[in-house]
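Novice: below are the sequence and a predicted model for it; my questions follow.
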Amino acid sequence: MKIETLVEIGAEVRDMIRSFMHDNADYAEMLVQRPKDITRKMDMAAEHALDDALTKRGLSARIISEELGDRIVGKHPEFMLVFDPIDGSTNAACGIPFFCTSLAYTEKTDIASFGDITMAVICDISNNTYCAERGKGALLNGKQITGRKRGARPKPVVSVYSYGVPQVPAGLIELEKTIIVRALGSIALDMCYVADGTLDGIIDTRGLVSGYDIMASALILKEAGGQLSDLRGVRIIDDDVKTTGMSIIGTKNKDLHNKIVNTLGL
């Protein structure tokens, strides 16, 4: 598959989500509620939209996704897609225009890790498209991401997710004295914002991140010159596509990355 085809598929799924939300007043209705997440009508519509996009192109794939898990489209899978139909579904349900569709591609169809992802596409609801091919850099709306920061900032602006769990690392409270904190509600899109310089970093200390949440955006960040690690600073590359329970740090500035790791002190 070429990156252009993957971009087309991501855009089709994103556009279907927009249409579904416009045409169905109950788009955010909950179908399944689990301890750590929720499946809504719009999530399932997006899952089916991906299947349709592959089928009409005559493509067969193994799909690892948030809502439907591990499945095969077609008869003889040629590749694997790690798919999050709507990353930021709470934002979508509330009418906040900050959510996206996430697709990561690998030619492997059996066992695969972060390091095996060779193409990635993130399509947000505002019609922005981030994409990357391994070794070829990252693009935003067809233009190479330069990494120049947007706007003046007195301190690093970092998206931090630490809510909803019994314990917040003590070091994080100390770190927040020297950064400007945001939590925008879509891990994948936040990471793309780090890639293009809108944000300086992303931290999630909750142990709730899964592979499908960040596998596409991880490649985009890497190809834009950034790095992704666990809270101890160990690079994330060997984790399986089905991994869950992750905590992460993502930045483009090595000094900031080291500062976060050292301040957390885990």
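Specialist: Yep, that arrived. Just so it is clear, the model here is predicted, and its values are computed rather than measured. Residues are numbered from 1 along each chain as shown.

Novice: CA only for contacts and neighbour counts going forward, please
Specialist: OK.

Novice: who touches stretch 53-63?
Specialist: Outside stretch 53-63, the residues that touch it by CA atoms under 8 Å, 6 or more residues apart in numbering are 9, 12-13, 69-83, 109.

Novice: from Gln227, how far off is Asp213?
Specialist: 16 Å (CA to CA, to the nearest Å).

Novice: so which residues of the stretch 151-266 of the chain form helices?
Specialist: Using DSSP state H, counting those that start in this stretch, the helices of the stretch 151-266 of the chain run over 170-175, 187-195, 211-223, 254-264.

Novice: if I look at Ala152, how far off is Gly197?
Specialist: Ala152 is 12 Å from Gly197, by CA to CA.

Novice: which of those two has more neighbours?
Specialist: Each of Ala152 and Gly197 has its neighbours counted (other CA atoms under 10 Å); Gly197 has more, 21 against 6.

Novice: what is the neighbour count of the closest residue to the more buried one other than its chain neighbours?
Specialist: Nearest residue to Gly197, sequence neighbours excluded (CA to CA, 6 or more residues apart in numbering): Lys149, at 4.4 Å. As a burial measure, Lys149 scores 14 neighbours (other CA under 10 Å).

Novice: on the pLDDT front, check Lys149 for me.
Specialist: What the model reports as pLDDT for Lys149 is 71.

Novice: returning to that earlier point: give me the more crowded residue out of Asp213 and Gln227.
Specialist: Per other CA under 10 Å, whichever of Asp213 and Gln227 has more neighbours is Asp213, with 27 against 22.

Novice: looking at it, the more buried one is touching Asp87, isn't it?
Specialist: Yes. Assessed by CA atoms under 8 Å, Asp213 is found in contact with Asp87 at 6.9 Å.

Novice: in space, what's closest to Asp240 - neighbours in sequence excluded?
Specialist: Nearest to Asp240 is Ser113, by CA to CA, 6+ apart, at 4.2 Å.

Novice: any idea how far that neighbour is from Thr244?
Specialist: 12 Å.

Novice: who has more neighbours, the two?
Specialist: Ser113 (18 against 15).

Novice: lowest-pLDDT helix or strand in this protein?
Specialist: None of the helices or strands of the chain scores lower by mean pLDDT, DSSP states H and E than strand 30-33, at a mean of 67.

Novice: picking that back up, quickly find the element holding the residue nearest to Gly197.
Specialist: Counting by DSSP states H and E, no helix or strand carries Lys149.

Novice: any idea how far it lies from Ser65?
Specialist: 32 Å.

Novice: Phe20 too?
Specialist: Distance from Phe20 to Ser65, by CA to CA: 19 Å.

Novice: can you report how many residues neighbour Arg18?
Specialist: Counted with other CA under 10 Å, the neighbours of Arg18 add up to 16.

Novice: helix, strand, or coil at it?
Specialist: Secondary structure for Arg18, judged by DSSP: H, G, I helix; E, B strand; the rest coil, is helix.

Novice: which one is it nearest to, not counting chain neighbours?
Specialist: Spatial nearest neighbour of Arg18, chain neighbours left out: Ile125 (7.3 Å); criterion: CA to CA, 6+ apart.

Novice: which residues touch the one you found?
Specialist: By CA under 8 Å, 6+ apart, Ile125 lies in contact with Arg14, Asp15, Arg18, Pro97, Phe98, Phe99, Cys100.

Novice: for it, give its distance to Ile3.
Specialist: 20 Å.

Novice: also Ser89?
Specialist: 25 Å.

Novice: of those two, who's got more company?
Specialist: With neighbours defined as other CA under 10 Å, Ser89 and Ile3 compare such that Ser89 has more, 23 against 16.
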